[in-house]
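Enquirer: Dropping a prediction and its sequence here:
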Amino acid sequence: MLPSALRPDGALRLVIFDCDGVLIDSEGPSCRMIARTLRDYGPEISDEDAVRRFAGHALTALKHEIEDEEGISLPADWPARMQRNLVTLMRNEAETIEGAPAMLRGVTELGLPYRIGSNSSVEEMEAKFGRTGLDALIAPASIHSARDMGQPKPDPAVYLAAAKAQGVPPECCIVLEDTDTGARAAQAAGMGCVLLRAPDLPAPQWPGLLRIAHLDEFVPLLARIQASQKQAGSVNG
């Protein structure tokens, strides 16, 4: 069954945004930085391959994946070192995804609250939002970090925590994601999910997973969902 957030007879009450690749254009710089670091340990991982392989992965899990796939041993503190480097990088290089500020304002105009659920640390997100000016649109209390919780996606914990903090049932939430990992976390949480992805790229499919190609499609999609729910409510009433 579709989550309540997507059904005409249901209720959309909260929007949860992933951060990287949805609000902040950080995946490319972050993955390229990781690739440069890994080349010091031997593997010749190109910047292009790094983005394809590493985007959306939590650092601790990524360490184990790289060790298994490349047959190398990384220092135990490698995730912590990468995290510090990422915070510095984002303070200097983070940029917004095109249309992100207008989208956030549009969601507010629809009367919907929103929160952030990311594999990034709170410190890293604050650096990104401060650099780009999104801190004017995102309250610190609405930021949730799967990394700081120790439960990275595809574990649904960060999305469930965001819903709980808002006092909204998970099935009344819609998540905007750009990675399969994040989409699986939303599915596991019992939430609706909208996947931001170019139309020429493959994507998973299941009931409750919608797809857009650009951020400017998101607010109109939410508005259509709200309209269908309002109409169903009027009919039922």
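Expert: On my side now, so go ahead. Predicted, not measured: the structure shown is a model, and the values here were computed from it. Numbering: from 1, shown residues only.
Enquirer: wait, is Ile116 part of a strand?
Expert: Yes - judged by DSSP: H, G, I helix; E, B strand; the rest coil, Ile116 forms part of a strand.
Enquirer: Bridge partners for it, pull those for me.
Expert: Applying DSSP bridges to Ile116 gives these bridge partners: Phe17, Ile143.
Enquirer: how close does it sit to Ile16?
Expert: Using CB to CB, to the nearest Å, we find Ile116 at a distance of 7 Å from Ile16. Just so you know, the C-beta spots here come from the backbone N, C-alpha and C atoms, and that holds for glycine as well.
Enquirer: who's more crowded, those two?
Expert: Each of Ile116 and Ile16 has its neighbours counted (other CB atoms under 10 Å); Ile16 has more, 30 against 23.
Enquirer: Could you pull up the contacting residues of the more buried one?
Expert: Ile16 sits next to 114-117, 159, 162-163, 173-176, 186, 191 when contact means CB atoms under 8 Å, 6 or more residues apart in numbering.
Enquirer: Recalculate using a threshold of 7 Å.
Expert: Going by CB atoms under 7 Å, 6 or more residues apart in numbering, Ile16 touches 114-115, 117, 159, 162, 173, 175.
Enquirer: now those residues as TSV including pLDDT and neighbour count?
Expert: Output for those, formatted as TSV (pLDDT from 0 to 100; neighbours: other CB atoms under 10 Å):
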residue	pLDDT	neighbour count
Tyr114	98	22
Arg115	98	24
Gly117	98	31
Tyr159	98	29
Ala162	98	26
Cys173	98	29
Val175	98	31
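Enquirer: nearest to Lys63, of these?
Expert: Gly117 (22.1 Å; CB to CB).
Enquirer: Apart from its neighbours in sequence, what residue is nearest that closest one?
Expert: Using CB to CB, 6 or more residues apart in numbering and skipping the chain neighbours, the partner closest in space to Gly117 is Val158 (4.3 Å).
Enquirer: Show me where this protein has its strands.
Expert: 14-17, 114-118, 143-145, 173-177, 192-196, 209-212 (DSSP state E).
Enquirer: What strands line up against the fourth one, and which way round?
Expert: When you say that, I think you mean strand 173-177. Short version: by DSSP bridges, strand 173-177 pairs with strand 14-17 (parallel), strand 192-196 (parallel).
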